[in-house]
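**Student:** The sequence and its predicted three-dimensional model are supplied below.
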Amino acid sequence: MAALGTWAVAVLALSRGEQISALWIIVAGLSALSISYRFYSKWLATKVLVLNEERATPAVLRNDNKDYVPTNRWMVFGHHFAAIAGPGPLVGPVLAAQFGFLPGTLWILIGATLGGGVHDMIVLFASIRRGGKTLGQMVKEEIGRGVGLLALVSVLAIMIILLAVLALVVVQALAQSPWGVFTIAVTIPLALIMGIALRTGKVGVLAVTIFGLLGLAFAVWGGQFLGQFPAIEAWFRQDQKWLAWAIMIYGLAASILPVWMLLTPRDYLSTFLKLGTVAMLAVAVVLINPTLQMPAITKFIDGSGLVFAGPVFPFVCITIACGAVSGFHSLIASGTTPKMIRRESRIRSIGYGAMVTEMMVALMAMIAACVLEPGEYFAINTKGTPPEVVSKVSAAGFPVTEQGMQTLATNLGESTMFNRAGGAPTFAVGMAHMFARVSAKPTALALWYHFAIMFEALFILTTIDAGTRVGRFLLQDLLGHVWRPLANTRSWSANFLASILLVAAWGWFLYAGVIDPLGGINSLWPLFGLANQLLSVVALCLGTTLLIKMHKSKYLFVTLVPLCFMCAVTFSAGYLKVFSSDPRLGFLSGARSLLSQASTMPDPVKAAELVRQAAVWRFDALVAVFFLVLVAAIVLSSARQWWQLIRGTRRVVLHESEFVPITTAQLAQF
C-alpha cells in the first residue's frame, strides 16, 4: 500500500503536459488512509496516549441522560463525523483548485494524516481524561487562567459568527427548494423515532438503522415528486426569512433536548447519506475514469487568482481547513463527543478515523472541481457581469463563452451560472457531471445538480446543530465566572437560558444576512479560515503541554511539528490579510481603495455603500489582529511553561483525581 500510494503521488506530482486520471487521487487517498490509520493511529493510541480500557469515561461516570450519555460507538462515530464534516471538506478544496489539483491534494494527504488526525485524537483524549471539559476550560487549567479566559471569549465569538454564516449558506441553498427542505425536514421526525426507540432498550441498533435508512431513502427519492402535488409542495417552498426562523428553532431544540433524542440519531442518519454519496462519487470515478482538466499547478500560485487573492502558501492551508487540519474539530472533540464515548479505545476510531474519512471527502471535492473545464470553473467562481467574466477568464488562458455558460445553466435547470462563487455550486456541478455520465436520461444533469445542492445543505446543517450545543457549553463556562450555577450543565434552566442566548446571538447575524445579503456578515467570511486555523494552534499547544506533563517528552514531535507548521501558516496568512498592499487581499489596503473610489463616485448612495464596506473591512482587520495577538500570547505562554516543566521548575498537575477506574461490572456491561 505504501508503494502504491507513493507511485500515485509521484504520477500526480511529476506528470506535465498530459491529462491525468482522477483515479490517481483516489488511490493516493486510500493508501494514505489505510497506512496512517493502521499504523500511525495505533502507535499514538498505545505508545503516546496509552489508552486504558480500565479508566471510566465521563459518559459512564456522569450519565445524566441529557449531555453525558453512553452511546453506541457507531452512533458516536456518525455524530462526530457529521459534526466535523461541515462545508469545509466540500467548499475548501473547490476554492483551492484555482492553484491546480496538486497543491491542495498534497496538503490534504499530509495535513490530515500527520496533523489533523493527531489534533483531533489528542483533544478528544484530553477532554475524556478531564471529565468532558471544553477546550477553553482545559487551556485555562493547563496553560494559564488569564490566557484561558481570553481564549474562551475568542472561541465563543468565532463560534457565533461561524454558526451564523453556515446557517446563512443553508438558507440560501434551500430557499424556494421544496425537494431540499422536504428531505431535511423528514430527517427530524425520523431521528426522534430512532432516539426514543433505542432509549426503550427494546429495539436494537441494527433495526433502528434499517428503519432510518429506509426513511432517508424515501426522503431523498420522494422529494423530486413534490411538483406533482402543488398543495404539498407549497408547504416546503419557503423564502429565506421563514427558513431562517426554522433553523433557529431547530438549533434551539438540538441544544436543549437530551443528546440521545435528536442530535445523535439525526447526525448518525445524516452520516449514511454523506458517506453513501461520497462512496457513490468514488464508484462513479472508478466507472467513468474521468480525467483532471485542471492543470497540476496554475499560474495563480503567485497570488493573482481569479477566485480569491493570495499566494499558494499559506492560503492553500487556510482555504482547506476541514479535510486537513481544522480548529473547529477541537470544539467538537471537547464538546459533545467526549460525553458519549463509553470506552477509551474508541478515541482512536472516532478521533483519528473520522478525520481520515473526512480526508477522502475533501479529495472527492477536489476531483469534482478539477474534472470541470477550467474555463467553466473560473467563470462560475469569478465575480462580474457575464461579458467581464468571460473576458477576464479567457485572457487568463482558460477560454470560455457566454453561450457555453448559458447552455450549462440550461442543462442544470438554472437561469445562470455566472456569479455563483463560494465553492458549493461548483462542487454540485462537478458531482452532477460525473453522476449524469452513468445515466442516459436527458434530465439527469439537472436532477443530480439539485441533489448535490441538497446534499451540501445537509452537510452544513449537521454542523450547526452540534455547533450550537458545543457553543452552549462554552457560553455556560463563561457565564459560570459571573454566577456559578449558570455553569451547571445538569440544570435545565441554566441550559435553556444559555441556549436562548446563544441562538439569539447567531440568529441575529443570520437574520441580518437574510434581509441584507450585502451586510457585514458576508464580509467576515475571509476571517473564518484564519480564525479556524488559529484554534488548531491553541489545541496543539494544549496537546504539547499535556504530553510534557505525562512525561512523554520524547514524543513531542507528534504535536510540535504540526504546531510549528500551523504557526507559520496562520501568522503569515494573518499578516497578509491585514497589511498586504494588494487591495484584493489586505483588509486595510482594500478599505483605502474603497474610500478612494467613494470620493470620486457621483452617486451618493453607492458612495455611502462603499464607505460602509470600508468600515467593515477595517473592523475585520481589527478582529484579525485581536485573534493573532491572543493566539501569540497563548503560544508564548505555553512555550514558557514547557521550558519550566522540562527543567523541573514547575510542578506537574495532571488532575489525577478525575481518573476514576472503571469497575469490573461496568466493563462487562459494555
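**Tutor:** Nice, I can see it. Model, not experiment: these values are computed from the prediction.
**Student:** now whatever helix or strand Met355 lives in: mean pLDDT?
**Tutor:** Taking DSSP states H and E as the definition, one finds Met355 inside helix 353-370. When pLDDT is averaged over helix 353-370, the result is 92.
**Student:** Same check on stretch 77-90?
**Tutor:** For stretch 77-90, mean pLDDT is 81.
**Student:** how distant is it from the center of its chain?
**Tutor:** 6 Å (CA atoms, centre = their mean, to the nearest Å).
**Student:** Could you tell me the end-to-end distance of it?
**Tutor:** Chord length of stretch 77-90, first to last residue, is 19 Å (CA to CA, to the nearest Å).
**Student:** Now the element after the helix or strand of the chain with the lowest mean pLDDT, going C-ward?
**Tutor:** None of the helices or strands of the chain scores lower by mean pLDDT, DSSP states H and E than helix 520-523, at a mean of 48. Later in the chain than helix 520-523, the nearest helix or strand by DSSP H and E is helix 525-549.
**Student:** After that following helix, which helix or strand is next?
**Tutor:** helix 557-579.
**Student:** So which residues make contact with that next one?
**Tutor:** Contacting residues not belonging to helix 557-579 are listed as 44, 48, 114-115, 118-119, 122, 310, 313-315, 317-318, 325, 526-527, 529-530, 533-534, 536-537, 540-541, 543-544, 547, 585-589, 621, 624-625, 627-628, 631-632, 635 [CB atoms under 8 Å, 6 or more residues apart in numbering]. Glycine gets a C-beta too; all of them are placed from N, C-alpha and C.
**Student:** swap the cut-off to 6 Å and go again
**Tutor:** Outside of helix 557-579, the residues within contact range by CB atoms under 6 Å, 6 or more residues apart in numbering are 115, 118, 314, 317-318, 530, 533-534, 536-537, 540, 543-544, 586-587, 621, 624, 628.
**Student:** same question, stretch 431-440
**Tutor:** 284, 288, 368, 444-445, 448-449, 452.
**Student:** Now do the buried residues in it.
**Tutor:** 431-437 (16 or more other CB atoms under 10 Å).
**Student:** what do you get for stretch 228-238?
**Tutor:** 233, 236-238.
**Student:** Can you tell me which of those residues is closest to Leu12?
**Tutor:** Closest approach between the buried residues of stretch 228-238 and Leu12, by CB to CB: Phe236, at 42.9 Å.
**Student:** tell me the phi and psi of the closest one?
**Tutor:** phi -100, psi -10 (degrees, to the nearest 10).
**Student:** what about Leu4, how many residues close to it?
**Tutor:** 14 (other CB atoms under 10 Å).
**Student:** In three-state terms, how would it be classified?
**Tutor:** helix (DSSP: H, G, I helix; E, B strand; the rest coil).
**Student:** Would you mind confirming that it is in contact with Ser31?
**Tutor:** Yes: in this structure, Leu4 is within contact of Ser31 by CB atoms under 6 Å, at 5.3 Å.
**Student:** Who are the packing partners of the helix holding Met355?
**Tutor:** Packing partners of helix 353-370 (3 or more CB pairs under 6 Å, 6 or more residues apart in numbering; DSSP states H and E): helix 23-35, helix 88-96, helix 101-110, helix 117-129, helix 263-288, helix 424-436.
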